[in-house]
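S.K.: Sequence first, predicted model second:
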Number of protein chains: 2
Amino acid sequence: MSKLLIVGTVAFDAIETPFGKTDVILGGAATYIALAASQFKVNSAIVSIVGEDFPEEHLDLLKSKNVDLSALEIVKGGKTFFWKGKYHNDLNSRDTLATELNVLADFKPVVPESYKNADVVMLGNLHPSVQMSVIEQMTEKPKLIVLDTMNFWMDNALDELLNVIKHIDVITINDEEARQLTGEYSLVKAAAKIQTMGPKFVVIKKGEHGALLFKDDKVFFAPALPLEEVFDPTGAGDTFAGGFSGYLAASGNVSFENLKSAIIHGSNLASFCVERFGTERMEKLEKTEVDKRLRQFAELTQFNIELQ
Amino acid sequence: MSKLLIVGTVAFDAIETPFGKTDVILGGAATYIALAASQFKVNSAIVSIVGEDFPEEHLDLLKSKNVDLSALEIVKGGKTFFWKGKYHNDLNSRDTLATELNVLADFKPVVPESYKNADVVMLGNLHPSVQMSVIEQMTEKPKLIVLDTMNFWMDNALDELLNVIKHIDVITINDEEARQLTGEYSLVKAAAKIQTMGPKFVVIKKGEHGALLFKDDKVFFAPALPLEEVFDPTGAGDTFAGGFSGYLAASGNVSFENLKSAIIHGSNLASFCVERFGTERMEKLEKTEVDKRLRQFAELTQFNIELQ
């Protein structure tokens, strides 16, 4: 079976949306990525760090999804990274109420021997130097290195970010971040400019407005599924990344055509993630539900126009 | 050949975008609708009103596109409706700098005898009482009545708007307007509520984020084509409506499947409209260009996922 190496935070979140609020619950980019990737036939491992306060039940959950946690460092006496946020009424924007780095402040990722030849590396949102360190530890060139990042690193670690971007195959980034990174308002122009920085493929995430995949002059668009209710957007982008990279690792094919399918799988899984608080929906997601909604995606976008 | 009856403004516009500004140029919803619909094999007529200041060359342009102008009233000594606006840098919002109703203030639409049995009626954005008056003049029930409207009428003529909405088959409306009309944030819920108000089909326009078609529990999504440059958004929504209604009139088929095709045709034509100021691009649009871009639409959204 193919191997997917996942790097990112494993964390505690406290979330407030217009529909309610949570206590401290399981969160973190790597968590969402791993849960989404577990929908595919792939071996995956998380490289991350937590504190001694991280409960056994969360570890058990990830292990039950066949996620290798041997490279999840548990710091004795340390506290797990914590994020607290509140979403505005439209759910498209949020305020960060607290960020406690805790053990993440000194995170030195160590890739396990058995994953130094991983087929796909999924670099979740983290300091670009940490992401780069993981790439440098690979002994075999992966089929695909996917990087997710955000505007925070553009503001605070741009040089390091530009350096790691040189070494990856796919970047996933939201529309405003693509504009910030390139100074181009047009997403077509922004994607073209990012391709000159390193990545062969550029994925621009537009939240409820879907996602775009660019390679050279080719473009593919996947809508987000129109939902009756979006309950909590937390983790949607990471779930998208996990579905995208998990599907690609499992299928072993990194053609543009197959990346299109990966975008659909990622969008499909993200549509479940937002239906409940935190990881709740992803923890119990069944393959039959996933397949049913994939059919809805096909119906949503498929049309037949006769051209002369 | 099928008949398309177009009701809407024929106007003067003065437009400023981040890329430049125009003098007083040809504008108006009916103008854009007719230019877009002229891409299809359909007889169309405009019911509208202009002043004596309206130049012969604009009339000639529309006539050259085979648009019947016998119901375009020209008021002796009157002045044509004028709109002046300035777009913000992101082109998604604009300020209205001037609105001079002029002859439009006393517009009493008169449907020509030969169009009282039109196959499709396209009611462009106008006072809902004017739109209703046109419906009442039809002697045969059209296959499809399509209505475009905007938030201005929700604020200023809600009762009349709710009345005309009862008598139509398709409403085209933007996302914010759908939310305002229904009080529902979710577009899925908003569309369901609008269907209880009268229309069988609801089209929600999201500008650069595409368009959604709803009927009962069926949804179809058409993206906007990602463009390198959007030069001037003026008329994009009307061009969409013209492509949509023109295609449906020409094909004579008002099934959900065919409305999907109509949405794609409308989106395709709108993608040209925004490439130049005003009607410039639509005036000289060639069928070969249109067909080529339709293929791009198919490539943009077509994917192939194997489901077990």
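M.R.: The structure has been received and is ready for your questions.
S.K.: in the helix or strand A:Asp95 falls within, what's buried?
M.R.: In this structure, A:Asp95 sits in strand A:94-100 according to DSSP states H and E. Buried positions in strand A:94-100, judged by neighbour count with 16 or more other CB atoms under 10 Å in any protein chain shown: none. Every residue, glycine included, has its C-beta placed from N, CA and C.
S.K.: what lines up beside it in the sheet?
M.R.: Next to strand A:94-100 in the sheet, as set by DSSP bridges, lie strand A:82-87 (antiparallel).
S.K.: circling back to that earlier point, what lies in contact with the strand holding A:Asp95?
M.R.: A:Ala14, A:Lys79, A:Phe81, A:Phe82, A:Trp83, A:Lys84, A:Gly85, A:Lys86, A:Tyr87, A:His88, A:Pro233 (CB atoms under 8 Å, 6 or more residues apart in numbering or on different chains).
S.K.: Which pair of the residues you listed spans the longest distance?
M.R.: A:Lys79 and A:His88 (28.5 Å; CB to CB).
S.K.: So if I had to pick from those two, which one is more boxed in?
M.R.: In this view A:Lys79 and A:His88 are compared by other CB atoms under 10 Å in any protein chain shown, and A:Lys79 has more residues nearby, 17 against 11.
S.K.: For the contacts of strand A:94-100, pick the one with the most neighbours.
M.R.: Per-residue neighbour counts (other CB under 10 Å) across the contacts of strand A:94-100 peak at A:Phe81, which has 25 neighbours.
S.K.: so which of the contacts of strand A:94-100 would you say is closest to chain B?
M.R.: Chain B lies nearest to A:His88 out of the contacts of strand A:94-100, by CB to the nearest CB, at 11.6 Å.
S.K.: Check the offset of the strand holding A:Asp95 from the chain's centre.
M.R.: 19 Å (CA atoms, centre = their mean, to the nearest Å).
S.K.: re the thing from before, among the contacts of strand A:94-100, which one has the lowest pLDDT?
M.R.: The member of the contacts of strand A:94-100 with the lowest pLDDT is A:His88, at 90.
S.K.: excluding its backbone neighbours, what's nearest it?
M.R.: Using CB to CB, 6 or more residues apart in numbering or on different chains and skipping residues adjacent in sequence, the residue nearest A:His88 is A:Arg94, 6.5 Å away.
S.K.: With chain B as the reference, measure out to that neighbour.
M.R.: According to CB to the nearest CB, to the nearest Å, A:Arg94 stands 16 Å off from chain B.
S.K.: Name whatever forms a beta bridge with that residue.
M.R.: Under DSSP bridges, the beta-bridge partners of A:Arg94 are A:Tyr87.
S.K.: What mean pLDDT does the top helix by length along chain A get?
M.R.: Among the segments of chain A that qualify as a helix by DSSP state H, the longest is helix A:256-273. Taken as a whole, helix A:256-273 has a mean pLDDT of 96.
S.K.: Quick one: distance of it to the chain centre.
M.R.: The chain centre lies 12 Å from the centre of helix A:256-273; the measure is CA atoms, centre = their mean.
S.K.: so what pLDDT did the residue of the stretch 51-200 of chain A found nearest chain B get?
M.R.: Taking CB to the nearest CB, chain B has its nearest neighbour within the stretch 51-200 of chain A at A:Val188, 4.7 Å off. Listed pLDDT for A:Val188 reads 95.
S.K.: And what about it, helix, strand or coil?
M.R.: Going by DSSP: H, G, I helix; E, B strand; the rest coil, the secondary structure assigned to A:Val188 is helix.
S.K.: circling back: now, which of the contacts of strand A:94-100 sits nearest B:Leu158?
M.R.: For these, the nearest to B:Leu158 is A:His88 (27.5 Å; CB to CB).
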